[in-house]
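J.: Mind folding the following:
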Amino acid sequence: MSIEHLLNPDGENNEAARMWSNEEIFELVEEESRQESDAVDNLVATEPPTKRPTKSEMLRHVSQALLYLEDQSEHDNLIANLEEFQQHLLKEIHFGGSQAGIKDYFK
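T.: Predicted coordinates for the structure are as follows:
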């Protein structure tokens, strides 16, 4: 085995030793820039999903709305609907749940 073979083994990638022209370097930089801008555009285009409030949070919001509307008689229909929705949420929170088992914590 010769020193030449050890320093330059067969099948070695010689791209690092290659001399690049200015045009080739410019094209490589432009291509990388296009790929990065495409990646940024893809990140911007995907919006995070809208977070749905929990039933407890909704109950708190409905209660606040009812406090605001309680003195306004022109919104009686809205108040009645909100009170009905509030009762529905209370039933769901207190009676609609199920007891958690040990397997529920490992899903």
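J.: Give me the residues contacting stretch 26-44.
T.: The contact list for stretch 26-44 (Cβ atoms under 8 Å, 6 or more residues apart in numbering) reads Trp20. Any C-beta I mention is one placed from the backbone N, CA and C, and that applies to glycine too.
J.: Around Leu89, count how many other residues there are.
T.: 19 (other Cβ atoms under 10 Å).
J.: contacting residues for it?
T.: 55, 58-59, 62.
J.: next SSE after the longest helix anywhere in the chain?
T.: Looking across the chain with DSSP state H, the single longest helix is helix 22-45. Note on helix 22-45: by DSSP states H and E, the next helix or strand toward the C-terminus is helix 55-69.
J.: For that following helix, give the mean pLDDT please.
T.: Throughout helix 55-69, pLDDT has a mean value of 90.
J.: Kindly indicate which of the contacts of Leu89 lies nearest Gln86.
T.: Set against Gln86, the nearest of the contacts of Leu89 by Cβ to Cβ is Val62 (4.8 Å).
J.: Count the residues that sit near the closest residue to that closest one other than its chain neighbours.
T.: Excluding the flanking residues, the one nearest Val62 by Cβ to Cβ, 6 or more residues apart in numbering is Gln86, at 4.8 Å. Gln86 has 17 neighbours, counted by other Cβ under 10 Å.
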